[in-house]
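*Asks:* Fold the stuff below for me.
(chains A and B)
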Amino acid sequence: MRRSGLALLVANSLLWLATAQAATRPRYGGTLRVAMGAVPSSLDPADAAQSGSLAGRNLSSLIFDTLVALDERGRPQPALAISWQAEPGNQRWQFKLRRGVTFQDGTPLTADYVAASLRVANPSWKISPAGDAVVTERDSPAPNLPAELALGRNGIAKRGGTQLLGTGPFAIHQQVAGKELTLAAYNDYWGGRPFADSIEIAMGQGFRDQMLSFDLGKADLIEVAPEQAHRAATEGRRVESSPPRELMALVFAREKASPDEGRLRQALGLSIDRGALSNVLLQGGGEPAGGVLPNWMTGYAFLFPTNADVPGARQARGEVRQASPWTLSYDASDPVARVVAERIALNAHDAGLQLQLTNSSTADLRLLRLPIASLDAGVALTALEADLGLPQSKLSGRSPEELYAAESMLLQSQRIISLLHLRTSYGMNATVRNWSEAPDGAWRLGDVWLGAEKP
Amino acid sequence: MSFRRKLLAVFALTVFLSVAAVTAIVSSVTRRAFERADEDRVAALVAQFHREFNRRGEDVVHRVQAIASGDEATRMALAVSHGSPDYGAFLSVAKNIAADQQLDFLEFVDSQGTIISSAQWPAKFGYPESFFRPAAPTDAFLRHEDLPDGGALGLSAVREVNVGDKPLYVIGGRRLDKDFLAGLELPAGTRALLYQNLGSGFSPQLLIDPLGTSRPPDPLAPLIQQVQQQRQEASALVHWSSDAVDDETVHAIPLTGQDNQLLGILLVGTSRRPYIGLQRHIGSAALLAGAAGILLAIVFSGWAAGRVTQPVEQLAIAAREVAAGNWSARVPVTSSDELGQLAEAFNRMTGELIGQRERLVQTERVAAWRELARRLAHELKNPLFPLQLTVENLVRARQQSPEQFEEVFRESSSTLLAEIANLKTIISRFSEFSRMPQPQFQRVDLNELVRNVARLFQAQLHSPDHVPIECKVLLDEGLAVIAADPELLHRALSNLVLNAMDAMPQGGTLTLRTRQNEEGERAVVEIADTGAGLTSEECERLFTPYYTSKAHGTGLGLAIVQSVVSDHRGKISVRSQPGAGTTFVIELPRNPDKLPAADSSGSIPTAKS
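*Replies:* Predicted coordinates:
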């Protein structure tokens, strides 16, 4: 009697263990349903309007590979290129290509295709195939070229014909412009076939609609607004948040015209209560930012002050005799942007400055969300300067001192007032397994597999 | 101005004044009626506005009360009572509740007036509520709501949530906007606007017009500013264009808030289109009536004038005829009124004049016959007396001295024959006067005629039988040719020259002058002497036939002259004073109608010398 009970117990335990192991073992198959707010006008990685955004980077990483990838610490790692070498002076580089890589139509990846693709994204570079390698020549030293090649815009694409093809884990299967994109798993992906058979992406959905779809079970993976992440999590939803990967900032349309205008810009910067923006308006979905790059990237961001100094702002304002009102534009499709802009206007009013909110494209100030383009701080800084149309810093190396100086120079130009570093948050249901992001924040949906059970 | 025109002017003025008076009265009555109707409409609309205001206010109060009683408010009040609340936790609360309760404004405010959560301005958490008053009325009231893009007027209510130590205030409301005004039932031709008095001066953007007319609201600025200053109702006539039809009577009613501050102005506009249209109709009708009246006045005045002036004109015509010598002119008597009596009197007068003239003529004729008889008797007596003496001498001589009878017979025969010739002369002169011929008109050069007369009497004027008489001939060489009988004119001028010579027995100056009269229409011939002159009485009787001042003569010479002048349709007059000589003035018309149709010779015949 005791032996039979013990046997039964052992049998039950073995059965449970087998079931549990089956539940955690990756499975192939299924369709991952994703909702996002952006509507990329183009999937071409070289399209500058798309490659710089997080959404563009997310989609690009599913379809295209770059020659180089960056690890968590921003160090270049092999991707389509297995090795690289720079000649003295860092102007001429050679990247040796990985063998056995094919495009999604089966065409082998060659140096010619790589060179052609890179030329589209970088017209000023001299790029030439050299056997199974690609040689790039720059007009000036480019010590961070590998990190640059890790940017999404340098994804290798085969253009021409009716379809855009990459070497990534998913291929474009079907597209309804502005609404839906269906990606199908590429079975011969050099990094291994992805687990999911396909990904269905619904585009152009606001945060509220995405949340509704999620709650109704129509979406497996959604974007969560920074100010909603905390609440969504407390309401029992599964929310994954990244380190801050976006900069929310005020950007002036032109250079300051006079020292008086510089004082007024200084007054504005001192008047802003970043804590209220972060803690209240964004519900902790961001961190007050005094500098351009986040602290986790540079380690020195804390040196830039973030606290409001209203008396100092009033004093700076008082040194100027007359101040004309400024116009401030924001993204009307972003619900939190309007509230942030209104709060900034209130803070400015406390300092004696007038900000008028507008949707005009010719406003004096713009409230922008700028993605951190690269894990490489230098590349990220120069990419941000390029996005803003500002002169790019000349960085010879990657030393923190040089970076700090360059970032300080940018801030001293008073063209930009950093406000917050924003996290990206995603909501996903329990069927989504093995979720992770690339160090640069891009989706790694190739590693995601769909669990059988539903929550 | 003629009587007809005077009459027309009087009638026209009467019509004009009548029509103008009636028009003015009707216009005044119409205006007052419209003003009364306008006042009634405005009062009705204002009452309706207040009813709608109260109704919506009650709804707002009800909703705010529900919110204040809800869980969210309680939770918030608890958080506030525990200290500084987590604004982040309540950031969207007001907005969500406001959406649920269909409120435009909702704020949660702590006892210090600090905003905890705001639906209309979420970013304003932690800031003081600009218009917060702890002691708020229980009913809804008008309130200035602060908004990021300015301000707005709201119909709001306040409720207190007393949970814990410190109260929480719930301020909720609805916007006063186009929908509120559109909900009012407006009479035809009336519209309602709302001016949000959220700043100083006038700003067109603050005017709410549910109809959204395109015309700029600047004409309303003076009225609005007046209400802003005086805080009282006011009215004004607003001109939207140069056409009076577009005018609008606008009444402005101030709307006050909690502290009696002026927050809004309700503008009620009443179109003056119907009134102006009616005024124009009245004006058109007045014009038509006036025109018709004047037309009638013209017709009536013409008829009346005709009735009055025609008899007067007939009277005037008859008077002119009488003045011209036609004493038989009569005025028809067409009525028995004063004009008829006047016509009768005129006819009686002319009848009497004719009678008197006939009597005068008869008297003069009798007098003339008497004078003729006296003259005849005188003239005939002279030759008859010698005849009688001669015959008596012959009888005596035959009886007493037959031997001398032959000589006496011879002497007596010559005396008898001379006196018989004298009698024949006298008789022939009388016969000649009675048989004066009708003038034969020809082209006559008066200057030449006068020269001929002067030449004719030149010898007599310098005859050694009497003192010489100087003859002056003063002719106007520009004198036009006239139509006349040269023979008769020559005779007439000769008679006058003879009379002038007879008036200067002691010599003197005879002047023959020709000229044109002042108007240039007549030829004038003057025969002047420097004799003894005539008295005024003699001048009057001068042209009476058989009147003569001479001891000898038939007295027919001047009568012949007058007859000739009269036949030529001329005029003769005399100027004389005793001792100053006498001047006879003959005026002769040109008589162009008397000229023969063909006068091919073109010569100017003159009288025979």
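
*Asks:* Pull up the distance across stretch B:318-329, start to finish.
*Replies:* 5 Å (CA to CA, to the nearest Å).

*Asks:* what pLDDT, on average, does it get?
*Replies:* Mean pLDDT, stretch B:318-329: 85.

*Asks:* contact partners of that stretch?
*Replies:* Residues from elsewhere that reach stretch B:318-329, judged by CB atoms under 8 Å, 6 or more residues apart in numbering or on different chains: B:Ile317, B:Arg330, B:Val331, B:Phe346, B:Thr350, B:Leu353, B:Ile354, B:Arg357. In short, each C-beta sits where N, CA and C put it, glycine included.

*Asks:* Low-confidence bits of the chain, can you list those?
*Replies:* By default, I'm working from chain A. A:1-3, A:5, A:10-24, A:48-52, A:397-398, A:453-455 (pLDDT under 70).

*Asks:* actually it's chain B I care about, not the one you picked
*Replies:* B:212-214, B:368, B:371, B:433, B:543-555, B:595-609.

*Asks:* Enumerate the residues of it near chain A.
*Replies:* Along chain B, the residues adjacent to chain A under the rule CB under 8 Å from any CB of the partner chain are B:Tyr87, B:Gly88, B:Leu91, B:Trp121, B:Pro122, B:Ala123, B:Lys124, B:Phe125, B:Gly126, B:Tyr127, B:Pro148, B:Asp149.

*Asks:* what's near enough to touch the first one?
*Replies:* To tie it back to what came earlier, the one meant is B:Tyr87. By CB under 8 Å, 6+ apart, the contact set of B:Tyr87 is A:Ala276, A:Asn279, A:Val280, B:Ile116, B:Ser117, B:Phe125, B:Gly126.

*Asks:* again, only using 10 Å
*Replies:* Counting by CB atoms under 10 Å, 6 or more residues apart in numbering or on different chains, B:Tyr87 makes contact with A:Ala276, A:Asn279, A:Val280, A:Leu281, B:Ala79, B:Thr114, B:Ile115, B:Ile116, B:Ser117, B:Pro122, B:Phe125, B:Gly126.

*Asks:* Equivalent analysis for A:Tyr404, please.
*Replies:* A:Gly291, A:Leu293, A:Thr298, A:Gly299, A:Tyr300, A:Ala301, A:Leu303, A:Phe304, A:Ala377.

*Asks:* Turn the buried ones among those into a named ChimeraX selection, would you?
*Replies:* The buried residues among the contacts of A:Tyr404 can be selected in ChimeraX (16 or more other CB atoms under 10 Å in any protein chain shown) with this line:
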select /A:291,293,298,300,301,304,377
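
*Asks:* Kindly check the end-to-end length of stretch A:289-300 for me.
*Replies:* Note: stretch A:289-300 ends 12 Å apart using CA to CA.

*Asks:* next one: stretch B:143-155
*Replies:* Across stretch B:143-155, first to last residue, CA to CA, it's 6 Å.

*Asks:* likewise stretch B:431-450?
*Replies:* Length of stretch B:431-450, first residue to last, CA to CA: 27 Å.

*Asks:* Flag every buried residue along that stretch.
*Replies:* Within stretch B:431-450, the residues scored as buried using 16+ other CB under 10 Å are B:Phe433, B:Pro439, B:Phe441, B:Gln442, B:Arg443, B:Val444, B:Asp445, B:Leu446, B:Asn447, B:Glu448, B:Leu449, B:Val450.
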